[in-house]
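Chemist: Quick check, what structure comes out for this input:
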Amino acid sequence: MKKVAIVGCGAYMDSGYGCPGEWRCLKAAAMGDHVFEDNSQVTAFIRCECPGRTTLPNLGMAMKLSETKPDVIHLSTCLVNAKPECPYIKAQDLAAMLESKTGIKVILGTHDYH
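Modeler: All right, here's what the predicted structure looks like:
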């Protein structure tokens, strides 16, 4: 089973913009739906908090505490498709930074549930 870490948008989760912060991403991973090729085990769920400076250290801490390195990192659908867009960093730039620093592939999106 593939191990995944998910990075979600903390502002969306806190503001109620249609993202409850967990069940859609977790369901898609568990069921192997949408962008997940197979059933996956979520080993970390990280909140990107404005302005995003702590995302990489928090991901590193989650991997250390869980003693598990994910096979792939997903940026949540709410983070990737945020409207209005994040004023601090574009999803593609965050993905590139995470890939560069961790060496782990980053996938944009988690689900297409409405």
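
Chemist: After the helix-or-strand element of the chain with minimal mean pLDDT, which helix or strand is next? Please name it.
Modeler: Ranked by mean pLDDT, DSSP states H and E, the helix or strand of the chain with the weakest confidence is helix 10-15, at a mean of 82. Next helix or strand after helix 10-15 toward the C-terminus (DSSP states H and E): helix 23-31.

Chemist: Just after that next one, pick out the following helix or strand.
Modeler: The first helix or strand that comes after helix 23-31 along the chain, using DSSP H and E, is strand 40-48.

Chemist: what mean pLDDT does the next helix or strand after that following strand have?
Modeler: Elements were assigned by DSSP H and E; along the chain past strand 40-48, the next helix or strand is helix 55-66. Averaged across helix 55-66, pLDDT comes to 91.

Chemist: Please work out which residues outside helix 55-66 touch it.
Modeler: Under the contact criterion C-beta atoms under 8 Å, 6 or more residues apart in numbering, helix 55-66 has outside partners 5, 7, 43-44, 46-49, 69-70, 73, 94, 97-98, 101-102. Backbone N, C-alpha and C define where each C-beta goes, glycine included.

Chemist: now do 6 Å
Modeler: In this structure, residues lying in contact with helix 55-66 by C-beta atoms under 6 Å, 6 or more residues apart in numbering are 43, 44, 46, 48, 69, 101.

Chemist: tell me which of those is nearest to residue 36?
Modeler: Within the contacts of helix 55-66, the smallest distance to residue 36 is 13.7 Å, found for residue 43 (C-beta to C-beta).

Chemist: And the pLDDT for the closest one?
Modeler: What the model reports as pLDDT for residue 43 is 92.

Chemist: is it true that it touches residue 67?
Modeler: No: counting by C-beta atoms under 6 Å, residue 43 does not reach residue 67; the two are 9.3 Å apart.

Chemist: higher neighbour count, those two?
Modeler: Using other C-beta atoms under 10 Å, the more surrounded residue of residue 43 and residue 67 is residue 43, with 18 against 7.
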